[in-house]
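> give the three-dimensional model of this entry:
(chains A and B)
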Amino acid sequence: MSSVTDRALGPPPVWRRLIGRQETAAFICLVALLVFFSLTADNFFSTRNFTNVLGQASLTLIAGIGCAVVFISGEVDISIGSLLATVALPLIVIMNDTNSLLLGVAGAMAVGLAVGVINGFLSAYLGINSLIVTLGMMFTLRGGVYLYTGQRAIADDAGLDSFIALSDGRLFDVLPYSAVIAIILLGVFVYVLRFRRFGRQIYAVGGNREVARLAGYDVRRVKFTCFVISSLLATCSGIILAARVGSAQHIAGLNFEFQVVAATVLGGVSLSGGIGSLGGMTLGVLILQFLSNGLRGLSLPTEWQLVITGAIIIAAVALDELKRRRAHGD
Amino acid sequence: MHDDPTLFSDGAAPAIDIGVPALELRGIGKRFPGVLALENVDLTLEPGKVHALMGENGAGKSTLIKILAGVYQRDAGTMRIHGRDVAIRSPRDSLRQGIKVVFQEIALINEFSVAENIFLEGHPTDRLGSIDWRKIRTGCAELFERIGFAIDPMARTGSLPVSQQQMVEIARALAHQASIVVMDEPTSSLTPKEVKLLFTIIRRLTALGIAVLYVSHKLDEVFEIADTVTVLRDGRHISTRPIGSHTDDSLIQDMIGRRIVDLFPRQRGAAGSRVALSVRGLSTTHKLSDISFEARAGEVVGFFGLMGAGRTELAKAIVGYDPISAGAITVDGRTLAPHNTAVGVGLGIGLLSEDRKVEGLMGELPMYQNASLASLGRFARHGFVDAGRERQAVQGFVDRFRIKTPSLTQKVKNLSGGNQQKVLIARWLMRGLKVIVVDEPTRGIDVGAKSEIFSLIDELAGAGLAVVMMTSEMPELLGLSDRIVVLAEGRITATMSRQDATQEMILNAAIGAKGRTSHEFRH
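Down below sits the predicted model:
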């Protein structure tokens, strides 16, 4: 799916034009970061460090696909952080009972699916503002996990090799499995968004709901499906996170939704719908991840990370807005 | 081959039985709260023919189109397509039945390429269901080449000028496997050259056996392209005749009928002689050119124009809301400069917008605060609004205008359209206006409440205000105005006193008819 092999086919111009916009700026920003930290931070420019960062980024990347899809459809989903903590419960409990990763994952997926269906039904079919729906879902899930676990974590007693491999296993001893999963999912959804009718319907619905309806699209079903996709992808992130911390705990994924939203917006995905790409989202995730990694290498206090990250996000969005205004001639 | 668009298979018309009508509507009815939009309307479209649908604003054309498009559902009547009874409950159903509606408001996705928009109703796919982008691009390019249409298929649609977007919208009808194409005022933003291209496209469609419903109020176009004309008036079917048996006069006659204008009992006396508003040589960059007129105190000047004539643009320009490129506006001898609404209100000119929800009301706020909004300074003491005096003043208007509201604190969004309009009028009167510009004062207002708005406007003029009224409704125009000005394509095409005006004169000036007397069959 690289743009080089598509040369004969030619990427759809929308994509090409979008690349000409915020994604380009994000790419330049990423390269500048890499150059800067390679020159200043110790042990930054190494295969080991880069693959580590990819592994760390995989959680945000996977959930970011869902976040981008929901944004493109013109909605938002901020329940994903709490969902990370929630799906770990059935996962760990079932694995402890049955010693089966497959059953645990199935349990987690069932919970994720249910949450996505509820979010989607309330937002898409009942027409309730999705920010409110998923905000409510965020609190409800977080509270539910608290009630179940109390202050203590529920540890993974089964200790299945396949589960532990999700956290520290590497493909060919190089690439973390979590990064491999993220890359595969990215590939699948890049394909869906560009080459399936459903993918184009997401853009159309987010771009202009009424036009999409007149073109015969089932606007509500498209949006509903986006919420389900978002929850299922966040569930994948939740499973990998549970493998990393080896338990289910109430603080898992706290503020995770804001990291994901920040990266997605940084990558040029518009909150108002219809605009953005997974390539941009990926760049946004990598920028934030390398930034935090590099600043740590410079042994700057973590507080500075927050300040710098915030400033970069505002600058990126402001720049995009300025460009858009100039293009529209005011 | 998959999803091969009709036009690419040259001459291979879709299997259409010429003997059976493409579309048969019988007894179609549609009711909205307070309004009977369509009553017992019949319409028959023949394959390969262009059927024009004409009527004044509010005649029911748009409602009928939206029923065909699946945006509205009919309340009564039957619909048959190629002889089969069908039910259309959604735009998707409509497309499935082979109906393609080209809307006047452009229905394209701005962020998509032109080519993708052409195939929006169904992206061509390969056997695995993957979108075939090459086919989208080449298909679009071939289509454009065939119809002689010079637009880059790869261009971002939103970056094109409106007229080209409209052409894309029209070209889209060709890529879709439609047997019935409906076009709603397709030429409203086209250049003359593009109109020619449009007619070429329509002839191509009919050659393929496609039935075309052409909705327009432009006589020239209808005489050039249509085979048959159906006229609607007040939601009813008036006539269906071959175009050759019509003249300009007979068509206009059908559109306005011989109805007696519901004469509204005028209370006010004659207008004064003081010029309250003077507009000289006003132009805007997009629409208006060289508009000059005066309005005297106590006078109602009615502006009439059809869709796209520039009524709303003029209303907004006069009050300082939209920028002007040339000309001068003076209120009571003082010039409106710099050109903005703050200066306008200061001089005593205000707008009653046609879009109450967006440009007038704050729906969630109580009714009394909506009324007092422009005059808070009057009720202020030491920088704080004295709510007692504020409410007292509003209560005075509630009594005077007979505003029906359970209390002063009722949210204004809960009032009826007529009462909302009264609240807005109260807002301006409280401010002490000299000139009020009203844009479509009775749009979206129940028939019953209309006469109340009429009497309110009459009262405003009676109180010595100059009223400039923009309207597309004949009864309103004739019932209220002292003088009538007709707009067409952003220019004034006629000015007449109420006494001299006839519906025929007004509509002629609005349509720009050239006095055609007879027509031969041309098709």
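
> contacts and neighbour counts: CA atoms only from here.
Noted.

> skipping its backbone neighbours, what lies nearest residue 22 in space?
Looking at chain A here, since you left the chain open. Using CA to CA, 6 or more residues apart in numbering or on different chains and skipping the chain neighbours, the partner closest in space to A:Q22 is A:G268 (5.1 Å).

> wrong one, I was asking about chain B
Closest to B:A22 by CA to CA, 6+ apart is B:H82, at 4.7 Å.

> for A:C29, same thing?
A:I287 is the one closest to A:C29 (CA to CA, 6+ apart), at 7.4 Å.

> for the residue in chain A positioned nearest to chain B, grab the count of nearby residues.
In chain A, the residue that lies nearest chain B is A:G216 (3.9 Å; CA to the nearest CA). Neighbours of A:G216 under the rule other CA atoms under 10 Å in any protein chain shown: 20.

> check for me that it belongs to a strand.
No: counting by DSSP: H, G, I helix; E, B strand; the rest coil, A:G216 is located in no strand; its state is coil.

> ok, back up a step: these two touch, right, the residue nearest to A:Q22 and A:G276?
Yes: A:G268 is within contact range of A:G276, at 5.6 Å (criterion: CA atoms under 8 Å).

> need the contact list for B:R137.
B:A115, B:E116, B:P153, B:M154 (CA atoms under 8 Å, 6 or more residues apart in numbering or on different chains).

> could you redo the last one with a cut-off of 6 Å?
B:R137 makes contacts with B:A115, as judged by CA atoms under 6 Å, 6 or more residues apart in numbering or on different chains.

> and the one 10 residues further on, by the same measure?
Shown in contact with B:I147 (CA under 6 Å, 6+ apart): no residues.

> what about it, distance to chain A?
With the distance defined as CA to the nearest CA, to the nearest Å, B:I147 ends up 23 Å from chain A.

> can you give me the pLDDT of that residue?
At B:I147, the model reports a pLDDT of 75.

> quick one, helices of the stretch 201-330 of chain A?
A:209-214, A:219-245, A:256-266, A:278-297, A:302-328 (DSSP state H, counting those that start in this stretch).

> what does the pLDDT read for B:P242?
90.

> mind listing what the residue lying closest to it once chain neighbours are set aside touches?
In this structure, B:P242 finds its nearest non-sequential neighbour in B:T228, 4.3 Å apart by CA to CA, 6+ apart. Applying CA under 6 Å, 6+ apart to B:T228 gives the contacts B:H51, B:R241, B:P242, B:I243.

> could you identify the helix or strand that succeeds the helix or strand of chain B with the lowest mean pLDDT?
Lowest by mean pLDDT, DSSP states H and E among the helices and strands of chain B is helix B:356-359, with a mean of 63. Using DSSP states H and E, the helix or strand that follows helix B:356-359 towards the C-terminus is helix B:367-372.

> what distance separates the helix or strand just after that following helix from the middle of the whole chain?
Counting by DSSP H and E, the element after helix B:367-372 in chain order, helix or strand, is helix B:376-379. Here helix B:376-379 shows a centroid-to-chain-centroid distance of 38 Å under the convention CA atoms, centre = their mean, to the nearest Å.

> which residues does helix B:376-379 contact?
B:V385, B:D386, B:E390.

> reformat those as CSV; add pLDDT, neighbour count and secondary structure.
CSV is the format used below for the contacts of helix B:376-379 (pLDDT from 0 to 100; neighbours: other CA atoms under 10 Å in any protein chain shown; DSSP: H, G, I helix; E, B strand; the rest coil):
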residue, pLDDT, neighbour count, secondary structure
B:V385, 74, 14, strand
B:D386, 74, 15, coil
B:E390, 80, 20, helix
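
> would a markdown table of those with distance to chain A be doable?
Shown next, in a markdown table, are the contacts of helix B:376-379 (distance: CA to the nearest CA, whole Å):
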| residue | distance to chain A |
| --- | --- |
| B:V385 | 35 |
| B:D386 | 37 |
| B:E390 | 36 |
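
> can you tell me which of these lies closest to A:A153?
B:V385 (57.7 Å; CA to CA).

> state the distance from the closest residue in space to the closest one that isn't next to it in sequence to B:D399.
Counting by CA to CA, 6+ apart, the nearest residue to B:V385 once its immediate chain neighbours are dropped is B:F379, at 5.5 Å. To B:D399, B:F379 is 19 Å away according to CA to CA, to the nearest Å.

> out of the two, which sits in the more crowded spot?
B:F379 (17 against 10).

> who's in contact with stretch B:431-444?
B:348-354, B:375, B:450, B:465-471.

> ok, stretch A:45-54 next?
A:S38, A:L175, A:A179.

> would you map out the domains in chain B?
B:47-71+B:96-256, B:268-348+B:433-511, B:358-432 (automatic domain parsing).

> as TSV, the ones you listed with distance to A:A252 would be great.
Formatted as TSV, these follow (distance: least, CA to CA, whole Å):
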stretch	distance to A:A252
domain B:47-71+B:96-256	38
domain B:268-348+B:433-511	53
domain B:358-432	41
